[in-house]
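# this one's structure only:
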């Protein structure tokens, strides 16, 4: 994680859709616009500081004007909405683009089911999209896949959501969430479980899941003209690798990258996350680690010290850093002392200023 990957703030705003839904959207960062289509389950505030999504959000905002939104039915967007069908996804994306007004053409990112609306938008508005990036996605939901066992398993998960989602005991939600993050720590799984509970209601969770099963944008694949990058974790337990390969095979000249991971949501600590960042920056023509070269002075820092210096630059306290990195407050203090010694500074403020002025890139 680089220091430049930790913007200090995001701006959250609201818009009203054509059918009267109050939809929450946010932006952060500077540079070429990157619009992320909404995906399961999001909350503009909770995601920003979560151990599962934080590194994603801050990486995008460090390198782009990053625009995202909560889909209807969850997060800071209206929950009690009549229509949660896939047909509304493209309309909501168009509404966000119209309100945010990104410079065109812009980069469009679809993650998981968000790839469906991204594909449709790119096909319908070829002049607006400079690059299309699809991660962990699919063009058809379980309703249209030739896999009876997978379809029955998905239907069972929908019913579990309907009856067990809101219970204090997380066992029902964990049957679902553990598929997204099979390599996560207990704390990360607990956080993701809590995100799910706090961002929607049981009946809406079931309806959102059912809507995913009804996705079908297969007819739009051949109509996409933007340069397209398809990325997929090879052992993804939520969306099978075959779904990603189909996207790449049916979108003209699409580039396909397979990552060595089991996680549908890539974790900050795994090599696949570093690879994802490198691929995305290269594909969109962004310089790795920012435009400035890093000063050699930072080469004396260990990987852990680089992580801590990056988080210091974000304004985090020792306690907050310890919680984020799963180490004690005392251990953080010891690392901070060594950082000061190695950089020849005597205070936190001096270390942060040096990092900014000398192009510190963090841990990568």
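All right, it came through fine. Just so it is clear, the structure is predicted and the values come from calculations on it, not from any experiment.
# and residue 188, how far is that from residue 321?
According to Cβ to Cβ, to the nearest Å, residue 188 stands 16 Å off from residue 321. Just so you know, the C-beta spots here come from the backbone N, C-alpha and C atoms, and that holds for glycine as well.
# Tell me which of these two has more neighbours.
The neighbour count for residue 188 versus residue 321, taken as other Cβ atoms under 10 Å, is higher for residue 321 (23 against 20).
# Touching the helix or strand that contains the more buried one from outside, list them.
Mapping residue 321 onto the secondary structure by DSSP states H and E places it in helix 318-325. Residues from elsewhere that reach helix 318-325, judged by Cβ atoms under 8 Å, 6 or more residues apart in numbering: 51, 54, 304, 307-308, 311-312, 316, 328-329, 331-333, 336.
# can you redo those as a markdown table with secondary structure, pLDDT and distance to residue 63?
Below are those laid out as a markdown table (DSSP: H, G, I helix; E, B strand; the rest coil; pLDDT from 0 to 100; distance: Cβ to Cβ, whole Å):
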| residue | secondary structure | pLDDT | distance to residue 63 |
| --- | --- | --- | --- |
| 51 | coil | 89 | 21 |
| 54 | helix | 90 | 15 |
| 304 | helix | 90 | 24 |
| 307 | helix | 90 | 19 |
| 308 | helix | 93 | 22 |
| 311 | helix | 88 | 18 |
| 312 | helix | 87 | 20 |
| 316 | coil | 85 | 20 |
| 328 | coil | 93 | 32 |
| 329 | helix | 91 | 31 |
| 331 | helix | 94 | 30 |
| 332 | helix | 94 | 27 |
| 333 | helix | 94 | 31 |
| 336 | helix | 95 | 27 |
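# quick check: domain ranges of this structure?
Per automatic domain parsing, the domain ranges recorded for the chain read 3-283, 296-357.
# Go through those domains and pick out the most buried.
Across the domains of the chain, the average number of neighbours (mean count of other Cβ atoms under 10 Å) peaks for domain 3-283, which reaches a mean of 19.
# now it, how far from the chain's geometric center?
With Cα atoms, centre = their mean, to the nearest Å as the basis, the distance from the averaged C-alpha position of domain 3-283 to the chain average is 7 Å.
# And the pLDDT at the residue nearest the centre of the chain?
Centroid check for the chain by Cα atoms, centre = their mean gives residue 56 as the closest residue, at 4.8 Å. In this prediction, residue 56 carries a pLDDT score of 95.
# Assign it to helix, strand or coil.
Counting by DSSP: H, G, I helix; E, B strand; the rest coil, the backbone at residue 56 sits in helix.
# Please report how far it lies from residue 153.
27 Å.
# Residue 246 now?
Remark: distance between residue 246 and residue 153 (Cβ to Cβ) = 20 Å.
# cool, residue 241 as well?
Shown here: residue 241 relative to residue 153, a distance of 17 Å by Cβ to Cβ.
# Likewise for residue 116?
Counting by Cβ to Cβ, the gap from residue 116 to residue 153 is 20 Å.
# Residue 70 too?
Where residue 153 is concerned, residue 70 sits at a distance of 27 Å (Cβ to Cβ).
# which one is residue 118 nearest to, not counting chain neighbours?
Counting by Cβ to Cβ, 6 or more residues apart in numbering, the nearest residue to residue 118 once its immediate chain neighbours are dropped is residue 110, at 3.0 Å.
# ok, residues contacting the helix or strand encompassing the one you found?
Assigning secondary structure by DSSP H and E places residue 110 in strand 106-111. Residues from elsewhere that reach strand 106-111 (Cβ under 8 Å, 6+ apart): 32-37, 39, 60, 64, 97, 116-119, 121-122, 128-137, 226, 284.
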